[in-house]
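1. Have a look at this fold, sequence not included:
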């Protein structure tokens, strides 16, 4: 009787754990292509889409919150080393209000960099697409717009750039 009860308990536990498993998958499992999004540009009228990506560059997508200390540090590190990103298009996205995105853009003088585009994810599409839990969130795409990796939280400049060398 104990063996039957143990077997039933194990079976019940296995079914319970399977029922709790995340079946939606991560961004890597769900899609390796660039997300079909419309991101509001600083003018507050125009939208940035997949069609606006430069054809000849790899893409770094950075989801950020303007008040996030780690996001600020990551932005400072990128701008201090912008010469190392000459072949990388940087798309920065925030779901926060447009005025805070504009203040962040101004604070770090991001408009002066031709390879950085700062946008507002006004429809909050990106966090659910990538299923993120920490900021900054980085998604790395090769020139063919295929996802080659993601990272949540702070990352060193060396590790960030190494993602594009593989």
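-> Noted; the coordinates are in hand. Computed from a prediction, not measured in an experiment: that's the story for all the values here.

2. how about the strand or helix carrying residue 129: buried residues?
-> In this structure, residue 129 is located in helix 126-130 according to DSSP states H and E. Residues 126, 129, 130 are the ones in helix 126-130 that count as buried (16 or more other Cβ atoms under 10 Å). Backbone N, C-alpha and C define where each C-beta goes, glycine included.

3. Kindly report the same for stretch 41-58.
-> Neighbour-count burial for stretch 41-58 flags 41, 42, 48, 53, 57, 58 (criterion: 16+ other Cβ under 10 Å).

4. Looking at those, which one is closest to residue 101?
-> residue 42 (7.4 Å; Cβ to Cβ).

5. In three-state terms, label the closest one for me.
-> For residue 42, the assignment made with DSSP: H, G, I helix; E, B strand; the rest coil gives coil.

6. From residue 118, how far off is it?
-> 6 Å (Cβ to Cβ, to the nearest Å).

7. Which neighbours do the two have in common?
-> Shared contacts of residue 42 and residue 118, defined by Cβ atoms under 8 Å, 6 or more residues apart in numbering, are found at 101, 105, 111.

8. List only those of these flagged as buried.
-> The neighbour-count test (16+ other Cβ under 10 Å) marks 101, 105 as buried among the shared contacts of residue 42 and residue 118.

9. what about the protein, any weak spots by pLDDT?
-> Judged by pLDDT under 70, the chain has its weakly predicted residues at 1-31, 166.

10. Report the contact partners of residue 139.
-> Residue 139 sits next to 27, 60, 61, 63, 130, 147, 149, 150 when contact means Cβ under 8 Å, 6+ apart.

11. Check whether residue 146 really touches residue 33, as I assumed.
-> Yes. Residue 146 is within contact range of residue 33, at 6.7 Å (criterion: Cβ atoms under 8 Å).
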